[in-house]
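Q: only geometry, no sequence info:
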């Protein structure tokens, strides 16, 4: 499980956007978003850099 701190997520749409972005490249990925903690947890075969890039493409900051 890889955990990312992500800035800019505020609502259910953000959760859906991040989840779909990761699953577009790895349909079997498990994505959990915690808006309050600003964290995204991902279980995937994708590299950390690839996942961070997908999240950034959606307009969020990975810190």
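A: That came through, no problem. Bear in mind that the values here come from a model prediction, so they are computed numbers and not experimental data.
Q: and the pLDDT for the spatially closest residue to residue 59 that is not a sequence neighbour?
A: Nearest residue to residue 59 in three dimensions, chain neighbours excluded: residue 8, at 6.8 Å (Cβ to Cβ, 6 or more residues apart in numbering). C-betas here are computed from N, CA, C, even on glycine. Looking at residue 8, its pLDDT stands at 96.
Q: now do residue 18
A: Residue 18 is given a pLDDT of 98.
Q: ok, it - contacts?
A: Going by Cβ atoms under 8 Å, 6 or more residues apart in numbering, residue 18 touches 6, 9, 31, 33, 40, 55, 58, 60.
Q: which element is it on?
A: helix 12-25 (DSSP states H and E).
Q: and after that helix, which helix or strand comes next?
A: strand 30-34.
Q: contacting residues around the residue nearest to residue 59?
A: Contacts of residue 8 (Cβ under 8 Å, 6+ apart): 14, 59, 60, 61.
Q: now do 10 Å
A: Contacts for residue 8 (Cβ atoms under 10 Å, 6 or more residues apart in numbering) come out as 14, 38, 55, 58, 59, 60, 61, 62.
Q: mind giving me TSV with those residues and columns for secondary structure?
A: Below are the contacts of residue 8 laid out as TSV (DSSP: H, G, I helix; E, B strand; the rest coil):
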residue	secondary structure
14	helix
38	coil
55	helix
58	coil
59	coil
60	coil
61	strand
62	strand
